[in-house]
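Participant: Turn this into a structure:
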Amino acid sequence: QSLQQLTGGCIMDTVHLYISLPAVAVDTQIDIPASFVALFMPEGARRPAANRGEIADRHELCEDMAQALVETARDRRMQLGVAEGDVLWKIQSGLDAVPEVVSAAEARWVVRRLAELLDWDAPAESG
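Facilitator: The predicted model follows:
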């Protein structure tokens, strides 16, 4: 099945919504999970490659995207009777199709966070 069939277009609608939203200042007191900060850590580095504000902005986008996809993922799984992993894989494919919105690493984080929010098994890491 295509991503469009599985998601009913909801992933792309969510992505397009985030593209069109104006930038909003993020409260610098927000807790950013270490798993997200790790996306910005070059191998062997002691500090992230981006500043805290940039990382906070990216985290807010990714967290909001994961939250927005919860109902879509749950609904598609029930409507189509497919496995949780298949739903997550299709969402990952959809996010990978828009690298101008989220990087590949951010897309993987969104999908892992979505799995966590749904209490589904996280997808296996790909090499």
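
Participant: mind listing what the spatially most central residue of the chain touches?
Facilitator: Centroid-nearest residue in the chain, with C-alpha atoms, centre = their mean: Val110, separated by 2.1 Å. Contact analysis of Val110 by C-beta atoms under 8 Å, 6 or more residues apart in numbering lists 62, 65-66, 69, 91, 95, 102. All C-beta atoms are positioned from the backbone trio N, CA, C, and that covers glycine.

Participant: Out of the residues you listed, which two sit at the greatest distance?
Facilitator: By the measure C-beta to C-beta, Cys62 and Ile91 form the most distant pair in the contacts of Val110, at 12.8 Å.

Participant: Between those two, which is the more surrounded one?
Facilitator: Shown here are Cys62 and Ile91; by other C-beta atoms under 10 Å, Ile91 has more neighbours (28 against 23).

Participant: I'd assumed Arg74 was in contact with that one.
Facilitator: No. Assessed by C-beta atoms under 8 Å, Ile91 is found out of contact with Arg74, at 11.7 Å.

Participant: Could you tell me which residues touch both of those two?
Facilitator: Common neighbours of Ile91 and Arg74 (C-beta under 8 Å, 6+ apart) do not exist.

Participant: Distance of Glu84 relative to Val70?
Facilitator: 13 Å (C-beta to C-beta, to the nearest Å).

Participant: So between those two, which is more surrounded?
Facilitator: The neighbour count for Glu84 versus Val70, taken as other C-beta under 10 Å, is higher for Glu84 (16 against 13).

Participant: residues in contact with that one?
Facilitator: Contacts for Glu84 were tallied using C-beta under 8 Å, 6+ apart; they are 77, 115, 118, 120-121.

Participant: In PyMOL, how would I select the buried members of these?
Facilitator: Selection of buried members from the contacts of Glu84 for PyMOL, criterion 16 or more other C-beta atoms under 10 Å:
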select buried, resi 77+115+118+120
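
Participant: Kind regards, and thank you for your time.
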